[in-house]
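>>> give me the fold of what follows.
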Amino acid sequence: MLPSCSFRAFGLALALTPAAMAQTVAFTFDDGPKLEATPRLSPTQRNAALLAALKQHQVQAALFVTLGNGADRPEGLALARAWGEAGHLIGNHTVTHLDLDAAATTLASYEGEIQSCDRVIRTLPGYRPWFRFTFLREGNTPEKRDGMRTFLQATGYRNAYVSLDTSDWRLDEAMRKHLARHPDADLAPFRTAYLAHLRQRSEAYRDLSRKLFGRDIPQVVLLHHNLINALFLGDALQQFKAMGWTFVSPETAFQDFIYTLTPQRPAPGQSLLLSAARSLGYRPVGWERLVDDGEADIQALVKQGVLPAAP
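Prediction:
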């Protein structure tokens, strides 16, 4: 564990952390519900497959709705409603997934998208005033960062932090492109890569939490409402069980003091644990694998001959 004096940016973080606990994990899904066409499964089938896997493993998850991906239309809103009706929680992920770090994105436009999304999702069962930053980026200037913190507090919204960030979206993108070229392709290599990626990230972020806070924290994992999770989420949940991790709801995970921290580096983003490390000037071993957006996993598929090398 790092010296407690290193945590001056977090006030009483160490003093208020509870005793060590068994490793738990809460599941959250961004960017849903998507109505775009994908190989193998229709939008309705993808949604149903995700919900079925969660039900089989008795997991209560949270869906962070990006309104423009489908919930602004009756058929997409019905898919989001199905999550609430199944006992899952619903949070806010803007309308168009714009990037607060982009120079062209103003604080006012970003806040406006949150409010527009809120007007729709607050009608759904399972609604919570939780906001998940797009790209996990909290603004490219202190003014945007602090402005958003003021806005969230004024509107009663929680920053729905992620501690266990993944690049499942990158593997999903590669798999869909592969299927476009080879519709009957064997997807076993993508399943293997996906599960290995989740294990590597899980172990790395667990190790980082122990180094920063001296204990296991309830991890909040970020996945996406996409094809690769629709196909293999059940396998992922089984893998977490085999690793000895247990499932908790996002609401339970967010009760941990860790999720009230506000790292003070100029523009925090990505995993809360990475933001904390950056605030402290701490660079853990294996840092590159946590910020490579899954590039190592893609290159492994290239070496296996599954994917073509980049031109």
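>>> pretty sure residue 238 sits against residue 59.
No: taking contacts as C-beta atoms under 8 Å, residue 238 lies outside contact range of residue 59: 11.4 Å. For the C-beta atoms, the positions are set from N, CA and C on the backbone; glycine is no exception.
>>> which one of those two is surrounded by more residues?
More crowded of residue 238 and residue 59, by other C-beta atoms under 10 Å: residue 59, with 19 against 14.
>>> what number of residues lie near the closest residue to that one other than its chain neighbours?
In space, and not counting its chain neighbours, residue 59 is closest to residue 247: 4.8 Å by C-beta to C-beta, 6 or more residues apart in numbering. When neighbours are counted by other C-beta under 10 Å, residue 247 registers 19.
>>> unless I'm mixing things up, residue 247 is touching residue 53, no?
No: using C-beta under 8 Å, residue 247 is not in contact with residue 53, being 11.9 Å away.
>>> what do the two both touch?
residue 237 (C-beta atoms under 8 Å, 6 or more residues apart in numbering).
>>> give me phi/psi at residue 276?
Main-chain dihedrals, residue 276, degrees, to the nearest 10: phi -60, psi -40.
>>> do I have it right that it meets residue 212?
Yes: contact criterion C-beta under 8 Å: residue 276 and residue 212 qualify, at 5.5 Å.
>>> any idea what the nearest residue to residue 254 once chain neighbours are set aside is bridged to?
Excluding its sequence neighbours, the residue lying closest to residue 254 (C-beta to C-beta, 6+ apart) is residue 158, at 6.8 Å. Applying DSSP bridges to residue 158 gives these bridge partners: residue 130.
>>> in its sheet, what does the lengthiest strand in the chain sit against?
Determined from DSSP state E, the single longest strand within the chain is strand 24-32. If you go by DSSP bridges, strand 24-32 pairs up with strand 62-65 (parallel), strand 219-224 (parallel), strand 246-247 (parallel).
>>> tell me which helix or strand comes right after the second one.
If I follow you right, that is strand 219-224. helix 227-242 (DSSP states H and E).
>>> so that following helix versus strand 219-224, what angle?
For helix 227-242 against strand 219-224, the angle by axes from the mean of the first three to the mean of the last three C-alpha atoms, to 10 degrees is 160 degrees.
>>> excluding its backbone neighbours, what's nearest the residue most central in space within the chain?
Compute the mean C-alpha point of the chain, and by C-alpha atoms, centre = their mean the closest residue is residue 222, 1.9 Å away. Nearest residue to residue 222, sequence neighbours excluded (C-beta to C-beta, 6+ apart): residue 162, at 4.3 Å.
>>> report how many residues lie close to the one you found.
Neighbours of residue 162 (other C-beta under 10 Å): 23.
>>> how close does it get to residue 178?
Applying C-beta to C-beta, to the nearest Å, the value for residue 162 to residue 178 is 27 Å.
>>> rewinding a little: most tightly surrounded among the strands paired with strand 24-32?
Most buried of these, by mean neighbour count (mean count of other C-beta atoms under 10 Å): strand 62-65, with a mean of 29.
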